[in-house]
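how would this look folded up:
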Amino acid sequence: MNATVGDRLLVRANTVGERDRTGEIIQVQGPDGGPPYVVRFDDGHTGLVFPGPDAVIVPH
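Residues are numbered from 1 along each chain as shown. Next up is the predicted model:
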């Protein structure tokens with residue numbers, strides 16, 4: 001999984017009733033665009049993310 005600043009991260013909900021989480025990648029900390037990523041989620045929360053198999057990068 002590789003990303004650049006400005007790409008969107010979509011994390012699919014894995015429990016019924018939960019919503020998918022989306023946010024903008026504002027920093028890439030891994031080599032060659034790899035994780036971890038600092039993500040500003042649409043709800044305003046910012047955090048360090050190590051995406052799992054339920055995550056998708058959407059290029060900008």
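
Please, which helix or strand holds the residue most central in space within the chain?
Among the residues of the chain, the one closest to the centroid is Leu9, at 3.2 Å (CA atoms, centre = their mean). In this structure, Leu9 is located in strand 8-11 according to DSSP states H and E.

Gly47 too?
strand 46-49.

Would you mark the buried spots in that strand?
For strand 46-49, burial by neighbour count (16 or more other CB atoms under 10 Å) applies to Val49. C-beta: built from backbone N, CA, C; applies to glycine.

What strands line up against the helix or strand just after that strand, and which way round?
Later in the chain than strand 46-49, the nearest helix or strand by DSSP H and E is strand 55-58. Paired strands of strand 55-58, with direction, are strand 8-11 (antiparallel) (DSSP bridges).

Contacts for the following helix or strand past the strand it pairs with, please.
Sequence order places strand 21-28 as the next helix or strand after strand 8-11, per DSSP H and E. The set of residues external to strand 21-28 that reach it, using CB atoms under 8 Å, 6 or more residues apart in numbering, is 3-11, 13, 34, 37-43, 45-46, 57.

Please save the CA atoms from the strand holding Gly47 in CSV.
Below are the C-alpha coordinates for strand 46-49, written out as CSV (Å, rounded to 0.1, in the frame of the first residue of the first chain):
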residue,chain,number,x,y,z
THR,A,46,-6.2,13.5,13.3
GLY,A,47,-4.2,10.3,14.0
LEU,A,48,-1.4,8.0,13.0
VAL,A,49,-2.7,5.1,11.0
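
Alright, that wraps it up for me.
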